[in-house]
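# Okay, predicted coordinates and the sequence, questions at the end:
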Amino acid sequence: MSKSLVDAIFAQVKDYKARNYIINDCSLYGGEPLLAENKDIIRYICEKCRENDMTIRATTNGTDLDKYLDLIQEFKFTNLQITVDGPKEIHDKRRFFADGSGSFDKIMNNIALALEREIKIIVHVNVGKSNIDHMSELEQEFKSRGFTEKKNFSYYFRGVFDTPDAIDESEILKTLINSGHSLYDAIKLASFYSISARSLYAWLDKKIWPKINPTYCGTQNSMNVIGPDGLIFPCWNVVAKDELAMGFVDEASQKFLYNFSMTEWRTRYVNNMTPCKDCEYLMLCGGGCARKYPEEKMYTGICQNFQEVFNYTAPKAIAKFLRRCRQNRKYMIVYKKFLLRVKKIYEIRTS
């Protein structure tokens, strides 16, 4: 990415913010953003973010992370998400350097260096049919290296999709439970389940407003993913699929210029979708991830077992919250109000 392109991007950002658009966050994504040779342009982007009061985070493979530690601390990255494909034996067969050597040890060593500097690390573990039985080995690796003792370290498992190795998220949950995790720990580690459980518990605890939303994610709202050539995509899962670009950054005018496909992405609301508009979960699910487009029709809901996951996690989250209420006097009032609310809902539904 050139400096002139970065200048054009942030000129448009500045213009948007002047018109009261809320733009608070910049996420560095790839490809691989944190390559050693990218350091000058990454620093330039970070400086622009600081000028515009934007926080920064990054998704990285972690191989050149040691070259960026000073910069990450200087610009106070909120977190780094590092992708791993399993324990060393499996990971090194999939993610290796040009000379054929594996990248696992290099990544683990870089994570250790980052944790020492109190940088927040989130490890995203890709799970498929070929490595699901090796999750506990990787967890043991994290423990043996002392990562799990650090407050700034966390990890989660997420099933891969759109490949022959794809797996149902429920298999990840079952495998975690069978390996000795408690039900609640397994839900926390199985990404697809933990999203629902964390949100529900935070709602009950009044830490966040309930997510009542007619869309699934930022793709359908306002997210712009800008490639190194200036093409604008609605989602990082479709970057480099040029036919799905919804516009481009015009360096001459320093504006984002959109095409008609932007309208499709930005109007993918559950009330426009089948069978979502007749589903009682529509404002919780948001119609599912549109990453399968154009294989699926844009306005077709993609459930991804949301109903089963919600129905599974909701009682657990409520039970955990109620136990806390009973054990803490401060929560007794909330507990009683909650019971009254449930009673009213029941009376309305049965009247």
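Happy to help now that I have it.

# so how far is stretch 264-281 off the chain centroid?
Between the centre of stretch 264-281 and the centre of its chain there are 22 Å (CA atoms, centre = their mean, to the nearest Å).

# Now do the buried residues in that stretch.
Buried positions in stretch 264-281, judged by neighbour count with 16 or more other CB atoms under 10 Å: 264-266, 268-270, 273, 276, 279. Every residue, glycine included, has its C-beta placed from N, CA and C.

# Quick check: phi and psi at the closest residue to Arg95 other than its chain neighbours.
Excluding the flanking residues, the one nearest Arg95 by CB to CB, 6 or more residues apart in numbering is Ser103, at 4.9 Å. Note on Ser103: backbone dihedrals following degrees, to the nearest 10 are phi -110, psi 0.

# wait, isn't Ser103 in contact with Lys93?
No. Look at Ser103 against Lys93 with CB atoms under 8 Å: they stay out of range, at 10.7 Å.

# Of the two, which one has the most company?
Ser103 (20 against 13; other CB atoms under 10 Å).

# show me the residues around that one that make contact.
61, 63, 91-92, 95-97 (CB atoms under 8 Å, 6 or more residues apart in numbering).

# Mind doing that once more with 10 Å?
61-63, 84-85, 88, 91-92, 94-97, 110 (CB atoms under 10 Å, 6 or more residues apart in numbering).

# again with Glu37
Residues in contact with Glu37 (CB under 10 Å, 6+ apart) are 64, 67.

# And Phe192, by the same measure?
156-159, 168-170, 172-173, 304-306, 309, 313.

# Where is pLDDT lowest across these?
Lowest pLDDT of these: Gln304, 75.

# nearest residue to that residue other than its sequence neighbours?
In space, and not counting its chain neighbours, Gln304 is closest to Gly288: 5.2 Å by CB to CB, 6+ apart.

# so the one you found sits in a helix?
No. Counting by DSSP: H, G, I helix; E, B strand; the rest coil, Gly288 falls outside a helix, being coil.

# Quick check: the gap between it and Met223.
Distance, Gly288 to Met223, by CB to CB, to the nearest Å: 16 Å.

# which one of the two has more residues nearby?
Gly288 (21 against 15).

# My read is that the more buried one contacts Val270, right?
Yes. Using CB atoms under 10 Å, Gly288 is in contact with Val270, at 9.5 Å.

# Between those two, which contacts overlap?
216, 276, 301.

# tally of neighbours for the residue lying closest to the first one once chain neighbours are set aside?
The shortest distance from Tyr216 to any residue other than its chain neighbours is 3.6 Å, reached at Gly286 (CB to CB, 6+ apart). Residues within reach of Gly286, counting by other CB under 10 Å, total 24.

# Please look at Gly286 and Asn271 and confirm they touch.
No. Between Gly286 and Asn271 there is no contact under CB under 10 Å: 11.2 Å.

# longest helix anywhere in this protein?
helix 306-327 (DSSP state H).

# If you count contacts, what does that one end up packed against?
Packed against helix 306-327, as judged by 3 or more CB pairs under 10 Å, 6 or more residues apart in numbering; DSSP states H and E, are the following elements: helix 169-178, helix 183-189, helix 191-204, helix 282-285, helix 332-350.

# List of residues touching stretch 142-155?
Contacts for stretch 142-155 (CB under 10 Å, 6+ apart): 79, 82, 84, 108-109, 111-112, 114-125, 138-141, 188-189, 191.

# hmm, try it at 8 Å
With CB under 8 Å, 6+ apart, stretch 142-155 has contacts from 108, 111-112, 115, 118-125, 139, 189.

# got the CA positions of it in CSV?
What follows is stretch 142-155, C-alpha atoms only, in CSV (Å, rounded to 0.1, in the frame of the first residue of the first chain):
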residue,chain,number,x,y,z
PHE,A,142,0.1,-23.1,25.9
LYS,A,143,0.2,-24.2,29.5
SER,A,144,3.7,-25.5,29.4
ARG,A,145,4.9,-22.2,28.0
GLY,A,146,3.2,-20.3,30.8
PHE,A,147,0.8,-18.5,28.5
THR,A,148,-2.4,-19.4,30.3
GLU,A,149,-1.1,-17.8,33.5
LYS,A,150,-1.0,-14.4,31.8
LYS,A,151,-4.0,-12.2,32.1
ASN,A,152,-3.3,-10.7,28.6
PHE,A,153,-3.5,-14.1,26.9
SER,A,154,-6.6,-15.9,25.6
TYR,A,155,-7.5,-18.4,22.9
